[in-house]
Every structure is written in structure tokens, then in C-alpha cells.
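Q: pasting a predicted model and its sequence here:
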There are 4 protein chains.
Amino acid sequence: MIKKSYFKTNPDDPKPLSCVSEFIVRFNELDPMSIVWHGNYAVYFEEGRLALGRKFGIGYMDFYNKGVTIPLKQIHFDYFKPLEFAKTYKIETLLYWNEAARLDFEFRIYNQGNDIMTSGYSIQLMIDKDKGVLVNKPDFYEDICKKWRDGKF
Amino acid sequence: MIKKSYFKTNPDDPKPLSCVSEFIVRFNELDPMSIVWHGNYAVYFEEGRLALGRKFGIGYMDFYNKGVTIPLKQIHFDYFKPLEFAKTYKIETLLYWNEAARLDFEFRIYNQGNDIMTSGYSIQLMIDKDKGVLVNKPDFYEDICKKWRDGKF
Amino acid sequence: MIKKSYFKTNPDDPKPLSCVSEFIVRFNELDPMSIVWHGNYAVYFEEGRLALGRKFGIGYMDFYNKGVTIPLKQIHFDYFKPLEFAKTYKIETLLYWNEAARLDFEFRIYNQGNDIMTSGYSIQLMIDKDKGVLVNKPDFYEDICKKWRDGKF
Amino acid sequence: MIKKSYFKTNPDDPKPLSCVSEFIVRFNELDPMSIVWHGNYAVYFEEGRLALGRKFGIGYMDFYNKGVTIPLKQIHFDYFKPLEFAKTYKIETLLYWNEAARLDFEFRIYNQGNDIMTSGYSIQLMIDKDKGVLVNKPDFYEDICKKWRDGKF
């Protein structure tokens, strides 16, 4: 079990937004050891981010439609046990509270027996149309954050 | 050896433009049989198209800069012998003459002993900014075709 | 609509085995035109083959467990309309009857409005542990084919 | 410029083994922003590891031929500037000294103007045929390490 987060949290922060989704390992994701090639986990983490984005209205397209892109600044993977062909895994995705205009995601992949297989995190910045890094959250995301802080999710 | 083309040719057509380039098989391109996963050959064919595009000034960006995109309409692969990790292969790319606004490419992958490993072809259409299919070649490509027909390549 | 098959069929042949599954376009499958990169369709076709394999007990692992691998000999794609991010598409997979030890698959991708987006086919050979091409179907697959011919599917 | 390593080093440690190689961004590695999709950097880091492996005789196959596989335990990416289509980048790969049976790699991607674009690291363990984690380095790698310590590289 994972006991603590990759991110430093403050006792006053609202709890992370979270989402659990599933994925099935595809044949083309395997390597010659018949396990998932390490680089393909970026796909699963992205599936997690997208699932959480759909759930709370903060997906790539929600930002994009407001003129904001959210490129990755950092991503990190810890591999505990290998993933195998055609098996179904769960990915738990958590979005941690951050006062700044950035997205701090944490990921935990579990097998059907709830063994932790992989964990990791990603950090995304917010970029406007002129390719400038945003200091303040865009309005629509500020509104989401307000509901989040007010415990409305 | 490959004796004839995938494309019907006319005796009066100028000879195909051609280009030979090389690639090395990457680890992530392998499948559990330790051979290249069949879907990854699309990458090698694209490398061939890009190499020929650089040589003759008809790459993706050359079209794009004139407001034209060249999406795939059809692609075909014939697999003869598997490709192996870390080995270097040659890809021969041929662009066949076509009066219409389309690109007919043929590909042949060889090992270092000149055994044919794979062959195939792709067909691309030309699309303008309004997503309409072009009937006539764009001017810059018409100029290239004129030089081609005049034997200047 | 697709009226006829890529494969020549005989009036006496049993009807193709078929299967319909769904997939969602992933972000990493997109290209700079914001449509699925043509090479990634090989993943969707494989998902179709695997879905049909699960349904009828003739998946990659069913063959593999009998000492047989089923590499691709040929694959072909016809692109009609582009696939877009985060949308769900249906893939209809058909396995055509063949007296020989090979697998003739056909694929048709539809959007939610049942427009045909892509079609194609793949041909797989059967290879034993000594890398020899099988002339006769392995016993377990012969049994499946008998049920198929007898109309038991 | 990167001033310090991701790994804690000891003044007595031999200097990292290093290697510089080049790669060209492929079309299929791009995302809808026309920059390399973040997950594809794992391919470039692997190219770096393989280049260093070839230079010093410690590639995947060198381990594999001794019955040892070297799966990833951890990988990390810091993205500074995006990579663009068809451009050539340099990747500097460093292998840091470690007394234990593990491989600590660091990566730095530069453009042609020597701007740092990306950095990161990976950690690999050594696994024997019974899937046990090795405590001691395999003999052939111990020999390499001896030469390394003795300053013979």
C-alpha cells in the first residue's frame, strides 16, 4: 500500500479529487519479456488524467476551448510489479490541491487483487495562446477550484 | 527480389523518384516474439517517405506550407521476414508518377545481405484548408513534376 | 456501406465468424492534424482480432499454448474518414473461412452514426516451434472449424 | 545548464561513464500541438541507454546473454522546452557509479544550439532467470566495473 503522497500537502488543503478507471493491456504494449514496456505506462497515466478530467470538467479540451494548453512539466514512474497481456487493471488518479496555476496528478495502478503495481505523478503547467506560462488559474478552472474548496465535489 | 510494382505503370511515365535510407530497430518496437510488431512498420514507411520528401523538396512541411495536407488514403504491408532488435535495415522508397493530385509510394525493406524483408505501398490524397480533396496538383508540386517529367532529377 | 469482402468467398463456405467491439481514441494516438495517425489503426484492428479471439477461443494465447504463433503475413488499410479524439468507435471484425492454415480477417470501423470510417484486412500464417509454416490447421483450431462448418456458432 | 546530478555521488566514486548520441524527431512522435508527445521521450532515453550499452559492452543483450534482465524500477522526466518535428537533437547519457547491482542512468537532451530541452533519469534492477533480484553484480558486469574503477575507460 502507498502510505503517503508524492506531493507535500497542507492540513488545510481540500482533499484530492479522485477517480478510478480501468484499462486492458494491449498486445502492442508488450516487450520481449511479455510484460508492458515501461514507456507505455505514460498512456495509462494519461487515461487516468482524462478520466478524471471527464468526471470534473477539466479535461484537455476544457482547457483548450478556453485558449489554454497544459503541457507536461514533469512525470515520474515507480514500477513495482509488471503488467501482463490482456489483463484488466485499475488506475486510481488523484488531483492534488495547488494554489498555483498547475495540475499535480498522482497515479496508482492496481491489479484485480488490489496489489499495487505502479505509482507515479505528473505536473502540468498552463500555457496561453502566446506560449506564456499562466500565473493565475483561468476563470473556468478557478470556478471548479472554488467548488472543490467548498466541498461541493 | 521484387519484379513488379504494386502500381500500374504506363510506358510513357517518367521513372519513379527513389531514395534509399536506413533505420535501426528500436527496443520498444519489438513484440513478445522479439521481432518488430507489425504495426510499427508504418513508422519505417513514413521514414522512407520523409527521406524522399527531403531529397526532392516534397515533404509534409513543403505541402503544409502551401496550405495542403496529404493524409493517407490507403496503406498496405507484405511481410516476408521478421526484423530484429538493434539491426540496421535499408528502406528503398519509390514515388510513382501519377497524373492526378495524389502520391503513390512503394516501399521495400532489405537487410544488410539485401534479402527483401518487407514490401508495401501507400496512397496519399491532397487536401486544402477547407478539407476539400484537390483535383489539381498544387503549383509547387506541379513544378517538381515538370522537372521530373523532363528528366531533371 | 461495404458491399463486398476483400476476400474471395465460395457459396459453400460457412459464413464469417464475427464480433463487434468498441474503442475510444486516446490522446497519444493523434497526430498534428488532431486526427488519429494512420499507423495507429493497426492497434484497433488488433483489438478487433483479440475480441473475436476471446469470443471463439482462438486468440493469440490459445494458439501459443499449442505451440503455434500466428504472425502477420499481410495487412491493408483503407481510410475513408478520420477518427477524432476521445470519441468512441465500433469495430466489426470478421474471420473468413479458409481451408488452409491461415487466418483471413476483415475489419470495418464505424462511428456512432454508423458511417464507415475505415476498412481493411489482415492475413496471418501459422508457425510451429521450429519456425516452419504449418500446412494443416492445429487440432484445436480444426475442432473450432468443424463447429463453424456445422453452424454451431 | 544542469549543474548537479539526480543521483547522490561520493567524492571517491569513479566518474560517470558517458556517451553522446543523436536522434531525429519522427512524425508519429508528435501530438496535436505539433510537439513530441511527452510519453515518447522514453524512446529517446532508451536510445541513450542503448548507445552507452554498445560503447561499453553493457547493453540489454549483454546482460540477457548472461541470463540477466534489467527491468526499469524508476524513470523520471523533466521537460524544459518542447522538441519539434524533423529536428536533430543530442542526448547525453551518463551511467553513475553504484556499488549495488543496479544501473543509475541520467539523460540530458540538447538542441543544436546546446540549449537543454529535457533531463531525467532511470534506475534498473538486475533480475535472474528465476525472477529474483540480484544482490551482486553478474561477473561480466563486475569486470566492466573494475575497469571503470581503475580508470580504464
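A: Looks like it arrived, so ask away.
Q: the longest helix in chain A is where?
A: helix A:41-56 (DSSP state H).
Q: is the next helix or strand after that helix anywhere near chain C?
A: Secondary structure here is assigned by DSSP states H and E; on that basis, the next helix or strand after helix A:41-56 toward the C-terminus is helix A:60-64. Yes - Helix A:60-64 lies in contact with chain C when judged by CB under 8 Å from any CB of the partner chain; the contacting residues are A:60, A:61. C-beta: built from backbone N, CA, C; applies to glycine.
Q: other SSEs contacting helix A:60-64?
A: Helix A:60-64 is packed against helix A:41-56, with contacts defined by 3 or more CB pairs under 8 Å, 6 or more residues apart in numbering or on different chains; DSSP states H and E.
Q: tell me the mean pLDDT for the helix it packs on?
A: For helix A:41-56, the mean per-residue pLDDT is 97.
Q: same check, this time on stretch A:13-32
A: Mean predicted confidence for stretch A:13-32 is 97.
Q: distance from it to the middle of the chain?
A: Distance of stretch A:13-32 from the chain centroid (CA atoms, centre = their mean, to the nearest Å) equals 9 Å.
Q: any buried residues in it, and which?
A: Residues of stretch A:13-32 classed as buried: A:16-19, A:21, A:23, A:25-32 (neighbour count, 16 or more other CB atoms under 10 Å in any protein chain shown).
Q: now residue A:35. Nearest residue, chain neighbours left out?
A: Setting aside the residues directly before and after it, residue A:35 is nearest to residue A:82 in space (CB to CB, 6 or more residues apart in numbering or on different chains), at 3.7 Å.
Q: among the buried residues of stretch A:13-32, which are in strands?
A: Where the buried residues of stretch A:13-32 overlap with strands, as defined by DSSP state E, the overlap consists of A:17, A:18, A:19, A:21, A:23.
Q: can I get these in JSON lines with distance to chain C?
A: Formatted as JSON lines, the entries for those read as follows, by distance: CB to the nearest CB, whole Å:
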{"residue": "A:17", "distance to chain C": "19"}
{"residue": "A:18", "distance to chain C": "20"}
{"residue": "A:19", "distance to chain C": "15"}
{"residue": "A:21", "distance to chain C": "11"}
{"residue": "A:23", "distance to chain C": "10"}
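Q: ok, now which ones touch residue A:85?
A: The neighbours of residue A:85, taking CB atoms under 8 Å, 6 or more residues apart in numbering or on different chains as the test, are A:25, A:27, A:30, A:34, B:32, C:61.
Q: help me confirm that residue A:25 comes into contact with residue A:83.
A: Yes - using CB atoms under 8 Å as the test, residue A:25 is close enough to residue A:83 to be in contact (5.4 Å).
Q: which residues do these two both contact?
A: Taking CB under 8 Å, 6+ apart as the contact criterion, the common neighbours of residue A:25 and residue A:83 are A:36, A:89.
Q: check the residue nearest to residue A:35 and give its pLDDT.
A: For residue A:82, the pLDDT comes out at 97.
Q: neighbours of it, how many?
A: By the criterion of other CB atoms under 10 Å in any protein chain shown, residue A:82 has 17 neighbours.
Q: give me every residue that touches it.
A: Residue A:82 neighbours (CB under 8 Å, 6+ apart): A:33, A:35, A:36, A:117, D:71.
Q: surely the third one touches residue A:27?
A: This means residue A:36. No - between residue A:36 and residue A:27 no contact is recorded; they are 10.6 Å apart, counting by CB under 8 Å.
Q: put together CSV for the buried residues of stretch A:13-32, with distance to residue C:40 on each row.
A: Output for the buried residues of stretch A:13-32, formatted as CSV (distance: CB to CB, whole Å):
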residue, distance to residue C:40
A:16, 32
A:17, 30
A:18, 29
A:19, 25
A:21, 21
A:23, 16
A:25, 17
A:26, 11
A:27, 14
A:28, 9
A:29, 12
A:30, 16
A:31, 18
A:32, 21
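Q: as TSV, those residues with distance to chain D would be great.
A: As requested, these are arranged in TSV below (distance: CB to the nearest CB, whole Å):
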residue	distance to chain D
A:16	21
A:17	21
A:18	22
A:19	20
A:21	17
A:23	14
A:25	16
A:26	14
A:27	18
A:28	13
A:29	11
A:30	13
A:31	9
A:32	9
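Q: from those, which two are the most distant?
A: When CB to CB is used, the two most widely separated members of these are A:17 and A:32, lying 38.2 Å apart.
Q: distance check, residue A:67 against residue A:128.
A: Between residue A:67 and residue A:128 the distance is 6 Å, computed by CB to CB, to the nearest Å.
Q: likewise residue A:102?
A: 14 Å.
Q: so for these two, which residue has more residues nearby?
A: Relative neighbour count places residue A:102 above the other of residue A:102 and residue A:128, with 16 against 13, counting by other CB under 10 Å.
Q: give me the neighbour count for the nearest residue to the more buried one once chain neighbours are set aside.
A: Closest residue in space to residue A:102, ignoring its immediate chain neighbours: residue A:125 at 5.5 Å, by CB to CB, 6+ apart. Residues lying near residue A:125 (other CB under 10 Å) number 18.
Q: check which residues of stretch A:66-80 are buried.
A: So stretch A:66-80, judged by 16+ other CB under 10 Å, has buried residues A:68, A:69, A:70, A:71, A:72, A:73, A:74, A:75, A:76, A:77, A:78, A:79.
Q: touching, the residue nearest to residue A:102 and residue A:98? I think so.
A: No - if you go by CB under 8 Å, residue A:125 and residue A:98 don't touch, sitting 11.1 Å apart.
Q: ok, now which ones touch the residue of chain A most remote from its centre?
A: Ranked by distance from the centre of chain A (CA atoms, centre = their mean), the top residue is residue A:32, with 27.9 Å. Counting by CB under 8 Å, 6+ apart, residue A:32 touches B:27, B:30, B:31, B:32, B:33, B:34, B:85.
Q: distance of the first one relative to chain A?
A: Same thing as residue B:27. Between residue B:27 and chain A the distance, using CB to the nearest CB, to the nearest Å, works out to 7 Å.
Q: the residue nearest to that residue when sequence neighbours are not counted: what's it in contact with?
A: The shortest distance from residue B:27 to any residue that is not its chain neighbour, by CB to CB, 6+ apart, is 5.7 Å, and that residue is residue D:46. In this structure, residue D:46 makes contact with A:39, B:26, B:27, B:28, judged by CB under 8 Å, 6+ apart.
Q: nearest to residue D:91, of those residues?
A: For residue D:91, the nearest member of the contacts of residue D:46 is residue B:26. The distance, counting by CB to CB, is 13.4 Å.
Q: find the nearest non-adjacent residue to that closest one, please.
A: With CB to CB, 6+ apart, the residue lying closest to residue B:26 is residue D:43, at 6.4 Å.
Q: contacts only, for the one you found.
A: Contacts were defined as CB under 8 Å, 6+ apart; by that measure residue D:43 touches A:39, B:26, B:28, D:29.
Q: go again with 10 Å.
A: Taking CB atoms under 10 Å, 6 or more residues apart in numbering or on different chains, we find residue D:43 in contact with A:37, A:39, B:26, B:27, B:28, B:29, D:23, D:26, D:29, D:36.
Q: the helix or strand hosting residue A:91 pairs with which strands, parallel or anti?
A: Assignment of secondary structure by DSSP H and E places residue A:91 within strand A:88-96. Strand A:88-96 has these partner strands in its sheet, going by DSSP bridges: strand A:17-24 (antiparallel), strand A:102-110 (antiparallel).
Q: out of those, nearest to residue A:147?
A: strand A:17-24 (10.2 Å).
Q: great, nothing more from me.
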